[in-house]
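> here is a sequence together with a model predicted from it:
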Amino acid sequence: MKRKKVYRLVYIILASVLLASAFAGCGRKGAGSVYEDDLKSYASVIQSLPEGSYYAFADMSSEHDALLVAESVFDNMDGTFAAVEATVYGFDKDGGIKEYGTVKSGGSANPLAAKDGELYCAHHQYIDKVHIDEAASEMITAESDDFEEYGKTVVITFTPVSEKAG
């Protein structure tokens, strides 16, 4: 009987560690992570940003994450910063970094969010779903009115430039 309790305890501890590891990966920060790779890829742009700017990474392409740069953010009421407007940088067809343009949502009730390789910019009556086509070196925008889909996105969290690595 005592042996079963020990096995259950070990099982619970292992399950907790695995679950914690999975959630830790969602934040994308950590040595050897996609976040670290993104920091290296966009180091020249991030280092050129003025103090007071904010940056984030978003999955907007099949090949690389995009760099989002915001001049203004707001407290997302959970200890993170969100934005409604950002400049998008990504890789072009030749492998260079390109400024693709600006994205903007309808306000702080609908901050920039991402899901399945697209950035969501929700407005009062429609949603812009944005992705980068690296082969064509274009930022593509498609309009949608499926607000349930926006509800399944993850809000992009921004980091102050003063906290950049390197």
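Here it is on my side, so go on.
> need the residue closest to the centroid of this structure.
In the chain, the residue lying closest to the centroid (CA atoms, centre = their mean) is A58, at 3.5 Å.
> contacts only, for that residue.
When contacts are counted by CB atoms under 8 Å, 6 or more residues apart in numbering, A58 touches 65-66, 68, 112, 114, 119, 156. From N, CA and C alone the C-beta is placed, and that goes for glycine too.
> tell me which of those residues is nearest to S162?
Top of the list for closeness to S162, among those and by CB to CB, is L68 at 17.1 Å.
> skipping adjacent residues, who's closest to the residue nearest to the centre of the chain in space?
Excluding the flanking residues, the one nearest A58 by CB to CB, 6 or more residues apart in numbering is A114, at 4.7 Å.
> pretty sure the one you found is touching V154, no?
Yes - with contact defined as CB atoms under 8 Å, A114 counts as touching V154 (5.8 Å).
> ok, the two, which is more surrounded?
Between A114 and V154, counted using other CB atoms under 10 Å, A114 has the larger neighbour count: 23 against 12.
> of all the contacts of A58, which two lie farthest apart?
D65 and L112 (13.8 Å).
> ok, those two, which is more surrounded?
More crowded of D65 and L112, by other CB under 10 Å: L112, with 27 against 23.
> tell me how far that one lies from A135.
24 Å (CB to CB, to the nearest Å).
> looking at this structure, which helix or strand is least sure?
Using mean pLDDT, DSSP states H and E, helix 2-26 stands out as the lowest-scoring helix or strand of the chain, at a mean of 42.
> next helix or strand past that one?
Per DSSP states H and E, helix 2-26 leads on to helix 34-41 as the next helix or strand towards the C-terminus.
> whichever helix or strand comes after that following helix: which residues count as buried?
Following helix 34-41 in sequence order, the next helix or strand is helix 43-48 (DSSP H and E). Neighbour counts over helix 43-48 (16 or more other CB atoms under 10 Å) mark I46 as buried.
> same question, stretch 62-79
Here stretch 62-79 shows 64-70, 73, 76 as buried, counting by 16+ other CB under 10 Å.
> where does the chain dip in pLDDT?
1-33, 163-166 (pLDDT under 70).
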